[in-house]
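Visitor: Next come a sequence and a model predicted from it.
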Amino acid sequence: MPRIELSGVHVSQDRTPILRNIDLALYPGEFVGIVGPNGAGKSTLARAILGLLTPASGRILIDGRDSRQLSRADVARKIAYLAQGQSLHWPLSVERLVALGRLPHLAPFSKLSERDRAAIEAALTAANIAHLRSRDATTLSGGEQARALLACALAVEAGAMIVDEPLAALDPAHQLDVMNLLKQRADGGMLVAAILHDLGMAARYCDRLLLLHEGELVAEGPPHAVLTPERFRTVYGIRARLEELSGTPVVVPTGRA
Ligand SMILES: Nc1ncnc2c1ncn2[C@@H]1O[C@H](COP(=O)(O)OP(=O)(O)OP(=O)(O)O)[C@@H](O)[C@H]1O
């Protein structure tokens, strides 16, 4: 199972610094929430780890190997990725869409093996979309599409998964299903990192939070240690508290700071 380590990572886009001096480590078996306000650099961090953009400086190690020595396919087999807000335009069946998750494992023009088919079936079931398998994916509702794309990431059967806003477009029941699923995968030994805006969900499910603000990692640790009233004020610009309601963490915002 992969371990991901970043040291001194700086990322710039069009000469604008986006991430500054990021040092962090992500371990197998943990469910990490990556949180922070809009524009903090969360998606950029995910894309840098996945090798989709090149840091200006610093090092990213995946399983102890410098990510620059790994091919895109190597990284894609090790780390499944659910990108933020993807929309579907090709008239593929849901089953064929989910099968795309197996691409990193396939030689060009090769057919799906039994193992590939089993992974696709397991992903369809886990994401609760097996009943939609024959539907044209472009006709799915927003929430169904989100689950189909999650299934695509699950079908990779990678040792690590980075999911960018997996709860967007989902109703409350499916939000709980997805968080339970991600937690289950982490409990099973997978490294799961989720970019989340729902801080209550993040506090409830994640073992550890990484808080980004203006391109810097400003706090990391257990949710209660990270989500303090002071950080709600200075990072999110709100007055809020993390409380417990019948044993479940909830964020209570009372206004702008
Ligand atoms: N190609 C680019 N050129 C210039 N600025 C960019 C580029 N890509 C990203 N940025 C900027 O970098 C910052 C971080 O973007 P990023 O998408 O990583 O934020 P985020 O934390 O994921 O935000 P959100 O919660 O809104 O999705 C933003 O201010 C964004 O406008």
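Guide: Ah, there it is.
Visitor: Residue 251 belongs to a strand?
Guide: Yes: counting by DSSP: H, G, I helix; E, B strand; the rest coil, residue 251 is located in a strand.
Visitor: Do I have it right that it meets residue 229?
Guide: No: at 10.8 Å, residue 251 and residue 229 do not qualify as touching, with contact defined as Cβ atoms under 8 Å. Yep, even glycine has a C-beta here, placed from its N, CA and C like the rest.
Visitor: In terms of neighbours, single out the busier of those two.
Guide: residue 251 (20 against 13; other Cβ atoms under 10 Å).
Visitor: List the buried residues for the helix or strand harbouring residue 254?
Guide: Take DSSP states H and E as the rule and residue 254 turns out to sit in strand 248-256. For strand 248-256, the neighbour count (16 or more other Cβ atoms under 10 Å) marks 249, 251 as buried.
Visitor: if we can go back for a sec, can you list residues touching both of residue 251 and residue 229?
Guide: With contacts taken as Cβ atoms under 8 Å, 6 or more residues apart in numbering, residue 251 and residue 229 have 240, 241 as neighbours in common.
Visitor: Could you list the residues in contact with the strand holding residue 254?
Guide: Identification of contacts with strand 248-256 by Cβ under 8 Å, 6+ apart yields 199-200, 203-204, 223-224, 227, 232, 237-244.
Visitor: Which pLDDT value belongs to the residue nearest to residue 160 when sequence neighbours are not counted?
Guide: Spatial nearest neighbour of residue 160, chain neighbours left out: residue 191 (3.9 Å); criterion: Cβ to Cβ, 6 or more residues apart in numbering. For residue 191, the pLDDT comes out at 98.
Visitor: for whichever strand or helix holds residue 179, packing partners?
Guide: Using DSSP H and E, residue 179 sits in helix 172-187. Where contact means 3 or more Cβ pairs under 8 Å, 6 or more residues apart in numbering; DSSP states H and E, helix 172-187 is packed against strand 31-35, helix 142-155, strand 160-164, strand 191-195, helix 199-205.
Visitor: May I see the buried residues of that helix?
Guide: 174, 175, 177, 178, 179, 181, 182, 183, 185, 186.
Visitor: Could you count how many residues lie near the residue nearest to the first one when sequence neighbours are not counted?
Guide: So that's residue 174. Of all residues not flanking residue 174 in the chain, residue 143 sits nearest, at 6.0 Å (Cβ to Cβ, 6+ apart). Using other Cβ under 10 Å as the criterion, residue 143 is surrounded by 16 other residues.
Visitor: just the one 4 residues further on next, same as before
Guide: Neighbour count of residue 147, defined by other Cβ under 10 Å: 26.
Visitor: Hmm, residue 128 and it touching each other?
Guide: Yes: judged on Cβ under 8 Å, residue 147 makes contact with residue 128 at a distance of 6.3 Å.
Visitor: what residues do those two have in common as contacts?
Guide: residue 174.
Visitor: Which positions in the stretch 51-200 of the chain make contact with the ligand?
Guide: residue 84 (Cβ under 6 Å from any ligand atom).
Visitor: Closest approach to the ligand from the stretch 51-200 of the chain, which residue is it?
Guide: residue 84 (6.0 Å; Cβ to the nearest ligand atom).
Visitor: And that residue, how far from residue 252?
Guide: 27 Å (Cβ to Cβ, to the nearest Å).
Visitor: and residue 3, what is it in contact with?
Guide: 25, 26, 27, 28, 61, 62, 63, 64, 191.
Visitor: Would you mind giving these as a markdown table with secondary structure and neighbour count added?
Guide: Shown next, in a markdown table, are the contacts of residue 3 (DSSP: H, G, I helix; E, B strand; the rest coil; neighbours: other Cβ atoms under 10 Å):
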| residue | secondary structure | neighbour count |
| --- | --- | --- |
| 25 | strand | 13 |
| 26 | strand | 22 |
| 27 | coil | 16 |
| 28 | coil | 17 |
| 61 | strand | 17 |
| 62 | strand | 22 |
| 63 | coil | 16 |
| 64 | coil | 8 |
| 191 | strand | 24 |
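Visitor: residues in contact with the residue lying closest to residue 91 once chain neighbours are set aside?
Guide: Spatial nearest neighbour of residue 91, excluding adjacent residues (Cβ to Cβ, 6+ apart): residue 136 at 5.1 Å. By Cβ under 8 Å, 6+ apart, the contact set of residue 136 is 91, 92, 93.
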